[in-house]
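Student: generate a structure from the sequence data that follows.
(chains A, B, C and D)
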Number of protein chains: 2
Amino acid sequence: MAKELFHPDIDQIDLSAVLDALSDPTRREIVAYLSEVGEDSCGSMSPFSSKTNLTYHLARLRESGVTRTRIEGPRRLISVRAADIEQRFPGLLPSILTAVRAADPG
Amino acid sequence: MAKELFHPDIDQIDLSAVLDALSDPTRREIVAYLSEVGEDSCGSMSPFSSKTNLTYHLARLRESGVTRTRIEGPRRLISVRAADIEQRFPGLLPSILTAVRAADPG
DNA sequence: CCATAAGTTCAATAACTATTGAACAATAGA
DNA sequence: TCTATTGTTCAATAGTTATTGAACTTATGG
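Tutor: Next up, the predicted model:
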């Protein structure tokens, strides 16, 4: 399980990939949740989807550059690369998070 | 050809649909172009893709609520629903257009 | 009415998406 | 060392996406 996880460099973060990643409601919920709590494990996101499916969605978020996953023991701690995304695409993430909160309060 | 074209009401514009529509580079180019010129016909967008494919992409933009298409004689005039999108998802479209211009100057 | 210009529809295609369950791997703690 | 916890990999599936060419429709102008 000590595999290296791929993360694109800031300059390699692609707008199509980011918008694609954020076009899925489950992934937006995950990103909104992580934005609130800062960092959390895959297991804490079980309300959002099945374990297998979470692996898939979290990989898409990570590979697009939206999130960062670091390995700590048997679990993965995931966080939103808010500063990186803001640097690359100013205003994008805030506007999407605002929309998510408006649509899905609480 | 005097068919009624579907356009979602402002309140029905869905974030997933909008992000999905804008996750495609061809469609982003179209939106960026239309944002500059204000309104133009399908035919003027031939540099972006084939005629058939443009019908497809323009339908996706229209059905997601990103653009409006009005019929004038034998042609369709398309424009970006900038104010509607701004009202529904503040800041979203400007941030994406900024990114498009930065990636694709000229 | 006829020709042309502007777009659409249709069927086909190859590629990708989200989702599932079963089996597996890796770590930490008793 | 055994075991529970955490998450991954794999194969399968049903649905969607972007793209194409051929045939069609509709409106305008001569």
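Student: please count neighbours and contacts with C-alpha atoms only from this point.
Tutor: Will do.
Student: got the residues of chain A near chain B?
Tutor: Counting by C-alpha under 8 Å from any C-alpha of the partner chain, the residues of chain A close to chain B are A:15-20, A:22-25, A:89-92, A:95-96, A:98-99.
Student: filter the residues you listed down to just the buried residues.
Tutor: With burial judged by 16 or more other C-alpha atoms under 10 Å in any protein chain shown, the buried subset of the residues of chain A next to chain B is A:15-20, A:22-24, A:89-92, A:95-96, A:98-99.
Student: looking at those, which are in helices?
Tutor: Residues of those located in helices (DSSP state H): A:15-20, A:22, A:92, A:95-96, A:98-99.
Student: take those and lay them out in JSON lines including pLDDT.
Tutor: Listed next are those as JSON lines, based on pLDDT from 0 to 100:
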{"residue": "A:L15", "pLDDT": "98"}
{"residue": "A:S16", "pLDDT": "98"}
{"residue": "A:A17", "pLDDT": "98"}
{"residue": "A:V18", "pLDDT": "98"}
{"residue": "A:L19", "pLDDT": "98"}
{"residue": "A:D20", "pLDDT": "98"}
{"residue": "A:L22", "pLDDT": "98"}
{"residue": "A:L92", "pLDDT": "98"}
{"residue": "A:S95", "pLDDT": "98"}
{"residue": "A:I96", "pLDDT": "98"}
{"residue": "A:T98", "pLDDT": "98"}
{"residue": "A:A99", "pLDDT": "97"}
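Student: leaving out sequence neighbours, find the closest residue to the most centrally placed residue in chain A.
Tutor: The residue at the geometric middle of chain A, judged as the C-alpha nearest the mean C-alpha position with C-alpha atoms, centre = their mean, is A:T67 (3.9 Å). Among residues not flanking A:T67 along the chain, A:V80 sits closest, at 4.3 Å (C-alpha to C-alpha, 6 or more residues apart in numbering or on different chains).
Student: tally of neighbours for that neighbour?
Tutor: 24 (other C-alpha atoms under 10 Å in any protein chain shown).
Student: DNA strand D contacts on chain A?
Tutor: For chain A, the contact set with DNA strand D under C-alpha under 7 Å from any atom of the strand comprises A:1, A:41-44, A:51-52, A:54-56, A:59, A:74-77.
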